[in-house]
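*Asks:* Pasted the sequence and its predicted model underneath.
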Amino acid sequence: MSETAAPQGLVERVAGAYWNFSGSMRRLLEDQPRESTLLSFLIVASLMRYAGQVVDAFGELSSSVAGEDFTRAFQTQVAEGFVGALILAPLAVYLFAAMAKPIAGALGGTGDWFETRAAFVWAYLVTAPIFLLRSAIDAVASSVGVPDGLLVMLSLAFAALGLYVLGACLSVAHGFKSPRNTALVMAAGLFAIAGLAVALGVGVSGL
C-alpha cells in the first residue's frame, strides 16, 4: 500500500521554494488555493516585511536622533508601518497584479486574473524573508561602518533576486518559457516608468 506524503507547512514550503521557484508556484496552483488562503499569505508576508521596516527604522533613527525625540519618532514610524503592512501593502499587491494581467496577456500570457494574483502573492511571500534578511544586514553593516556603495550593490542584488522570483511565478501562471526573460521585461518596464516619472518631474519643475 502506497504511503501518502504528509502535507508541508507554510514555513517548509517557503523554504523549499528557494530550491525551485517555478516548481513551488506550480504546486501552489495545483493546490487551487482559496481567496482566503491568498489573503492569509499576504498578511504573513506583510508582517514579515513590517519586522524588517522596524529594524530599518531603529537603525536609521538611532544614528541620527537621541533621547525622547528618538522614542517619539520610532513609535510614529512603527505605528505608521503597521497600518501600511496590514492595509496598504496587500492593496498594492492586488493593484500591481491587476496592472500586470493585461500586459501579460498582450505578451502572449495565458493566465487568468486569479493565477496572476496568486503569482504576485506567492512571490511577495517568498521574498519576504529576503527583505527581512536585507534589513538585518543593513543594520549590522551600518553599525560596523560598511561603505554605502557596498550597501547599494547589496540592495540591487536583493532587488534582482526579487524580480527573478516574481518572473518565475508569472512565467508559471502565464505559460512563459523563461523566468529570466520575464524578469528582464519587468525590469525594463520599471526603468521606463522611472524614466517617465523623472522626465515629468523635470518638466513640471521647469514650468
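*Replies:* Structure received.
*Asks:* Phi and psi next, for the most centrally placed residue in the chain.
*Replies:* In the chain, the residue lying closest to the centroid (C-alpha atoms, centre = their mean) is Tyr124, at 4.1 Å. Torsion angles at Tyr124 (phi, psi; degrees, to the nearest 10) stand at phi -60, psi -40.
*Asks:* surely it meets Ile43?
*Replies:* No. Between Tyr124 and Ile43 there is no contact under C-beta atoms under 8 Å: 10.7 Å. Any C-beta I mention is one placed from the backbone N, CA and C, and that applies to glycine too.
*Asks:* Once you drop chain neighbours, what's closest to the residue nearest to the centre of the chain?
*Replies:* Distances taken as C-beta to C-beta, 6 or more residues apart in numbering place Ala45 nearest to Tyr124, at 4.9 Å, with adjacent residues excluded.
*Asks:* Quick one: residues contacting that neighbour.
*Replies:* Listed by C-beta atoms under 8 Å, 6 or more residues apart in numbering, the contact set of Ala45 reads 121, 124-125, 127-128.
*Asks:* Per-residue pLDDT of it, please?
*Replies:* We have a pLDDT of 93 for Ala45.
*Asks:* need the helices for this protein, in chain order.
*Replies:* 10-17, 21-31, 35-62, 67-83, 89-106, 113-126, 128-144, 148-174, 179-205 (DSSP state H).
*Asks:* which ones are touching the residue nearest to the centre of the chain?
*Replies:* 41-42, 45, 93.
*Asks:* And Leu95, by the same measure?
*Replies:* Taking C-beta under 8 Å, 6+ apart as the definition, Leu95 has no contacts.
*Asks:* how close does the residue nearest to Tyr124 get to Thr110?
*Replies:* 26 Å (C-beta to C-beta, to the nearest Å).
*Asks:* Ok, Ala187 next?
*Replies:* 22 Å.
*Asks:* same thing with Gly162?
*Replies:* In terms of C-beta to C-beta, Gly162 sits 24 Å off from Thr110.
*Asks:* More neighbours: which of the two?
*Replies:* Gly162 (19 against 11; other C-beta atoms under 10 Å).
*Asks:* Hmm, the more buried one is touching Ile130, no?
*Replies:* Yes. Between Gly162 and Ile130 there is a contact under C-beta under 8 Å: 6.4 Å.
*Asks:* thinking again about what came up before, need the winner for burial among the helices of the chain.
*Replies:* helix 113-126 (a mean of 24; mean count of other C-beta atoms under 10 Å).
*Asks:* orientation of it relative to helix 35-62 in degrees?
*Replies:* Using axes from the mean of the first three to the mean of the last three C-alpha atoms, to 10 degrees, one finds that helix 113-126 and helix 35-62 are set 40 degrees apart in direction.
*Asks:* For stretch 172-187, list the C-alpha coordinates in CSV.
*Replies:* The C-alpha trace of stretch 172-187 is given here as CSV (Å, rounded to 0.1, in the frame of the first residue of the first chain):
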residue,chain,number,x,y,z
VAL,A,172,4.3,29.6,-14.5
ALA,A,173,1.0,31.5,-14.2
HIS,A,174,1.0,32.7,-17.8
GLY,A,175,2.9,29.9,-19.6
PHE,A,176,6.1,31.9,-20.4
LYS,A,177,9.1,29.8,-21.0
SER,A,178,11.9,31.8,-19.4
PRO,A,179,11.7,33.3,-15.9
ARG,A,180,14.8,35.3,-16.6
ASN,A,181,13.3,36.9,-19.7
THR,A,182,10.1,37.7,-17.8
ALA,A,183,12.2,39.4,-15.1
LEU,A,184,14.1,41.4,-17.7
VAL,A,185,10.9,42.6,-19.2
MET,A,186,9.6,43.7,-15.8
ALA,A,187,12.9,45.4,-15.1
